[in-house]
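Asker: Give me coordinates for this.
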Amino acid sequence: MLRYLSWIVSIPLALVAIDFAIVNEEVVRLALWPLDGAVVAPSFAVVFVSMLVGFLAGGLVSWLSAGKHRRALRKERARGDQLQRDLDAARLHAADLEKRIAAADRAAGVAAAPSSDVRVMSLR
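Answerer: Residues are numbered from 1 along each chain as shown. I've put the predicted structure just below:
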């Protein structure tokens with residue numbers, strides 16, 4: 001569905017851009033003020049390059065501002081992984097203790113206590 005929406009938006013925008021390029025073929029001279037040189041280019045190229053530079057600058061600013069969120073996500077993911085490892089180790093330790101208790105009970109001749117029916121949900 002999203003792919004169709006992308007085509008519905010992209011095709012008219014491409015047609016408008018092509019029409020803009022055909023209509024604005026005039027050559028413009030851009031003086032680079034602090035420098036002595038000037039650039040001669042079609043007006044549509046100047047507009048498209050300006051839009052591209054603005055798009056890339058906006059993307060860079062957005063990416064840089066999201067850095068703190070990416071860092072927090074990495075930290076929380078590492079914390080979740082550590083907690084999962086701790087939980088797995090605790091389960092192994094509990095299983096080992098249950099085996100040792102059962103072995104000690106058998107050695108002492110005591111009837112085995114019913115095992116608890118506690119279920120632990122996995123974090124993954």
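Asker: tell me the pLDDT at A41?
Answerer: For A41, the pLDDT comes out at 91.
Asker: My guess is it contacts E26. True?
Answerer: No. The pair A41 and E26 does not pass the contact test of C-beta atoms under 8 Å, sitting 10.3 Å apart. Just so you know, the C-beta spots here come from the backbone N, C-alpha and C atoms, and that holds for glycine as well.
Asker: higher neighbour count, those two?
Answerer: Neighbours were tallied for A41 and for E26 using other C-beta atoms under 10 Å; the higher tally belongs to A41 (12 against 8).
Asker: any chance you could map the helices in this structure?
Answerer: Under the criterion DSSP state H, the chain contains helices at 2-23, 43-65, 67-108.
Asker: Identify whichever of the ones you listed lies nearest to L30.
Answerer: Distance to L30, taken as C-beta to C-beta, is lowest for helix 43-65 among these, at 6.7 Å.
Asker: tilt between that closest one and helix 2-23?
Answerer: Compare the direction of helix 43-65 with that of helix 2-23 by axes from the mean of the first three to the mean of the last three C-alpha atoms, to 10 degrees and you get 140 degrees.
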